[in-house]
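Trainee: Fold the following for me, if possible:
(one chain, ligands or ions: 2)
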Amino acid sequence: MTAGRFITFEGIDGSGKSTQARLLSAYLKSKDVDVVLTREPGGSPGAEEIRRLLVEGAPDRWSGETEILLFTAARRDHLERTIRPALDRGAVVISDRFADSTRVYQGAARGDLRDIVDRLHKAVIGLEPDLTFVIDMDPATALSRGLARQSGEDRFEDMGQGFQERLRIGFHELVADNPGRCHLIDGHRNPDAIAHDVALILEMSS
Ligand code: ADP
Ligand code: TYD
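Mentor: Numbers count the residues shown, from 1 in each chain. Ligands and ions are numbered 1, 2, ... in the order given. I've put the predicted structure just below:
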């Protein structure tokens, strides 16, 4: 049984997801809502360890298939230790990325691996968000924003702008395939204007 609400933010690297996840969390907390703000890959101690294997190093460090296994292992730990307990006590869980990222990054943009992604998701994850905001952003702008952070976590950014263009198309297809759950949000505006749209959609869907 899931009592709480599960909200995710998705989009290409540097599109403004983390900023919007933080703003939504602060907005809900200001209304005394029990909120858990988390992220993928990561969100639990074990999954944060797996994160480092995935976001650092050379782009060809892992194949697409190995990435699916690593992201899914991290997600299972995140689900068991952070997401499920929070939903069971009735909290709103906001995750900066979740399974849609695997569908788009590994399932579509890195190669045609969607069948493996879907089978593994069904076998060991099973949970879908109640609501997903996909922040849409021009890849060149997003890439320059992301790389400017110099986070040392640029393995996917280092796959280049062509990869980011394929991701953007993949996220548009995701929204078209899931019209009830996924909302495409124009990310080429100031953070407060975007946050306003997000809050409005959340209120309309409550
Ligand atoms: P993501 O989580 O999608 O990688 P972030 O929220 O970390 O994106 O944002 C990437 C960079 O862009 C950060 O330096 C952030 O301050 C900046 N940023 C986020 N949203 C906006 C916006 N709407 N307009 C301009 N810059 C932004
Ligand atoms: P994140 O820290 O959200 O990156 P960014 O802030 O640049 O958007 O995620 C790390 C990277 O992992 C990001 O490039 C996307 C990638 N990723 C996948 O390829 N598959 C997945 O399932 C997830 C959750 C992330």
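Trainee: residues near the closest residue to residue 37 other than its chain neighbours, how many?
Mentor: Nearest non-adjacent residue to residue 37, counting by C-beta to C-beta, 6 or more residues apart in numbering: residue 25, 4.2 Å away. Quick note: C-beta positions are derived from backbone N, CA and C, even for glycine. Burial of residue 25 is recorded as 19 neighbouring residues (other C-beta atoms under 10 Å).
Trainee: for residue 179, what are its contacts?
Mentor: With contact set as C-beta atoms under 8 Å, 6 or more residues apart in numbering, residue 179 has no partners.
Trainee: And it, how far from residue 56?
Mentor: In this structure, residue 179 and residue 56 are 36 Å apart, going by C-beta to C-beta, to the nearest Å.
Trainee: Could you report the pLDDT at the residue nearest to residue 37?
Mentor: At residue 25, the pLDDT value in this model is 98.
Trainee: That one sits in which helix or strand?
Mentor: Using DSSP states H and E, residue 25 falls within helix 17-30.
Trainee: With just CA atoms, put that helix into PDB.
Mentor: The C-alpha coordinates for helix 17-30 follow below in PDB (Å, rounded to 0.1, in the frame of the first residue of the first chain):
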ATOM      1  CA  LYS A  17      15.700  19.700 -12.500                       C
ATOM      2  CA  SER A  18      17.600  20.000  -9.200                       C
ATOM      3  CA  THR A  19      16.700  23.700  -8.900                       C
ATOM      4  CA  GLN A  20      13.000  22.900  -9.400                       C
ATOM      5  CA  ALA A  21      13.000  19.900  -7.100                       C
ATOM      6  CA  ARG A  22      14.400  22.100  -4.400                       C
ATOM      7  CA  LEU A  23      12.000  24.900  -5.000                       C
ATOM      8  CA  LEU A  24       9.000  22.500  -4.900                       C
ATOM      9  CA  SER A  25      10.300  20.900  -1.700                       C
ATOM     10  CA  ALA A  26      10.600  24.400  -0.100                       C
ATOM     11  CA  TYR A  27       7.200  25.400  -1.200                       C
ATOM     12  CA  LEU A  28       5.500  22.300   0.200                       C
ATOM     13  CA  LYS A  29       7.500  22.500   3.400                       C
ATOM     14  CA  SER A  30       6.300  26.100   3.800                       C
END
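Trainee: Tell me which helix or strand comes right after that helix.
Mentor: Heading C-terminal from helix 17-30 (DSSP H and E), you reach strand 35-39.
Trainee: hang on, the earlier thing: name the helices or strands packed onto the helix holding residue 25?
Mentor: Helix 17-30 sits against strand 5-11, strand 35-39, strand 92-96, strand 131-136, helix 191-205, with contacts defined as 3 or more C-beta pairs under 8 Å, 6 or more residues apart in numbering; DSSP states H and E.
Trainee: how about the ones you listed in TSV, adding mean pLDDT, mean neighbour count and distance to ligand 1?
Mentor: Putting the helices and strands packed on helix 17-30 into TSV (pLDDT from 0 to 100; neighbours: other C-beta atoms under 10 Å; distance: least, C-beta to the nearest ligand atom, whole Å) gives the following:
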stretch	mean pLDDT	mean neighbour count	distance to ligand 1
strand 5-11	98	24	6
strand 35-39	98	20	9
strand 92-96	98	24	6
strand 131-136	98	23	6
helix 191-205	97	14	4
